[in-house]
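**Student:** Structure for this input, please:
(one chain, ligands or ions: 1)
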Amino acid sequence: MKIAVLYGTETGNAEMLAEDLAGELEGDHDVSCANLSGFDPAGFDAGTFYILVSSTYGDGDLPASAQPFAKAVEAKAPDLSGIHFAVFGLGDSEYHETFNGGGEKLAALMAARGAVQVGERVTHDASGPDMAEDLAFPWARQVIEMAAGLVGEDA
Ligand SMILES: Cc1cc2nc3c(=O)[nH]c(=O)nc-3n(C[C@H](O)[C@H](O)[C@H](O)COP(=O)(O)O)c2cc1C
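**Tutor:** From the prediction side, this is the model:
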């Protein structure tokens with residue numbers, strides 16, 4: 001399957017995870033990995049499954065590198081029907097009121113334009129016991145399996 005791992009980050013955790021995940025998947029799939037900061041929403045392609053990895057900052061907001069993407073989606077209002085995506089969020093439960101708000105906002109942004117979310121959004125907790133990779137690798141395999149019958153089918 002064609003998979004694009006796109007990340008939003010401020011201090012590099014989401015980037016590191018996205019790159020590790022892309023490396024883990026590339027033996028079995030056609031995988032690319034990029035920062036959301038350089039991604040044009042006009043470039044979404046129905047034949048690609050998008051795995052979005054994003055941290056959270058501010059008042060439960062997207063990290064700096066995902067902000068231009070969010071602004072572009074809001075400004076250009078692209079039709080994302082036929083696009084399938086999954087979201088892995090990074091956050092810290094120390095910020096309990098805004099825990100993982102970035103991933104939540106990213107999912108809502110995509111869904112508002114008609115894109116279809118596949119599987120459950122993961123909410124990684126930097127203060128919790130789990131390594132992000134340990135959650136991400138099995139989760140990614142699961143959402144990819146779920147996406148297999150969907151991506152490119154209803155474009
Ligand atoms: C200044 C600051 C603000 C943060 N705000 C939140 C927040 O509101 N909610 C949350 O769940 N995590 C918050 N976090 C935690 C980060 O999202 C978490 O550490 C994440 O792993 C950082 O990933 P990154 O290096 O890719 O940006 C904050 C971290 C910092 C340093």
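**Student:** Contact partners for the nearest residue to residue 73 once chain neighbours are set aside?
**Tutor:** Among residues not flanking residue 73 along the chain, residue 41 sits closest, at 4.8 Å (CB to CB, 6 or more residues apart in numbering). All C-beta spots, glycine's among them, are computed from the backbone N, C-alpha and C. By CB atoms under 8 Å, 6 or more residues apart in numbering, the residues touching residue 41 are 69, 72, 73, 76, 78, 80.
**Student:** Check the gap between residue 41 and the ligand for me.
**Tutor:** Distance from residue 41 to the ligand, counting by CB to the nearest ligand atom, to the nearest Å: 21 Å.
**Student:** ok, and does stretch 67-86 reach over to the ligand?
**Tutor:** No. Using CB under 6 Å from any ligand atom, we find that stretch 67-86 stays clear of the ligand, coming within 12.2 Å at best.
**Student:** What about residue 80, how many residues nearby?
**Tutor:** Using other CB atoms under 10 Å, residue 80 has 21 other residues around it.
**Student:** wait, residue 32
**Tutor:** Around residue 32 sit 12 other residues, with neighbours defined as other CB under 10 Å.
**Student:** hang on, the earlier thing: out of the contacts of residue 41, who has the most neighbours?
**Tutor:** Result: residue 69 is most packed of those (other CB under 10 Å), 23 neighbours.
**Student:** Secondary structure element for it, which one?
**Tutor:** Using DSSP states H and E, the element containing residue 69 is helix 67-76.
**Student:** Leaving out sequence neighbours, find the closest residue to the residue of the chain found nearest the ligand.
**Tutor:** Nearest to the ligand in the chain, going by CB to the nearest ligand atom, is residue 91, at a distance of 2.4 Å. Nearest non-adjacent residue to residue 91, counting by CB to CB, 6+ apart: residue 100, 3.8 Å away.
**Student:** Which residues are in contact with that neighbour?
**Tutor:** Per CB under 8 Å, 6+ apart, neighbours of residue 100: 56, 60, 89, 90, 91, 121, 123, 124.
**Student:** Show only the entries of these found in strands.
**Tutor:** Among the contacts of residue 100, the residues falling in strands (DSSP state E) are 89, 90, 91, 123, 124.
**Student:** How about the first one: which residues does it bridge to?
**Tutor:** Translated: residue 89. With DSSP bridges applied, residue 89 shows beta-bridge pairing to residue 54, residue 123.
**Student:** pretty sure it contacts residue 126?
**Tutor:** No. The criterion here is CB atoms under 8 Å, and residue 89 misses it with residue 126 at 11.1 Å.
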